[in-house]
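K.L.:
Here you go, sequence then predicted model.
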Amino acid sequence: MQLLKDSGYQVFQDVARPSTPYPYLVYSFVSDKAMRRSNTVLEHHHLYQLSLFTAHDADDLVALTNVLDDHGVLYEPWASQSANENDDVITNFYTYITVLG
């Protein structure tokens, strides 16, 4: 969580507070995969979706990408989805990251 805050954006789990100004981050748990050897669980891989909601463009990804890269966080290629909200085009840039736990 602190790592995401280092990007300078507000960070929320699952949903942002109403009227939160853009841009902001939302992370959501997707799945858990137990890594096993024989019948022993060695570790868990937790998959999260990480979304940057912005009224701007992909330039807003730079700060977040820099933080993830600087800390060696592996993430899937970014994808995006746009929608209209109150006559503004809001883009959800999203990726998936795996956290070992």
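P.N.:
Yes, it's here.
K.L.:
buried residues in stretch 64-80?
P.N.:
Neighbour counts over stretch 64-80 (16 or more other Cβ atoms under 10 Å) mark 64-65, 67-68, 73 as buried. The way it works is simple: take the backbone N, C-alpha and C, and place the C-beta from them, glycine included.
K.L.:
What of stretch 50-63?
P.N.:
For stretch 50-63, burial by neighbour count (16+ other Cβ under 10 Å) applies to 50-54, 60-61.
K.L.:
ok now stretch 29-46, how far from the chain's centre?
P.N.:
Put simply, stretch 29-46 sits 21 Å off its chain's centre (Cα atoms, centre = their mean, to the nearest Å).
K.L.:
ok, and what's touching it?
P.N.:
The list of residues contacting stretch 29-46 from outside it, by Cβ atoms under 8 Å, 6 or more residues apart in numbering, reads 47-49, 96, 98-101.
K.L.:
Need the single longest helix in this structure, by residues.
P.N.:
helix 61-70 (DSSP state H).
K.L.:
next one: that one to chain centre, how far?
P.N.:
Counting by Cα atoms, centre = their mean, helix 61-70 is centred 11 Å from the centre of its parent chain.
K.L.:
Could you pull up the mean pLDDT of it?
P.N.:
Averaging pLDDT along helix 61-70 yields 94.
K.L.:
Going C-terminal from it, what's the next secondary structure element?
P.N.:
strand 79-85 (DSSP states H and E).
K.L.:
quick check: angle from that next one to helix 61-70?
P.N.:
150 degrees (axes from the mean of the first three to the mean of the last three Cα atoms, to 10 degrees).
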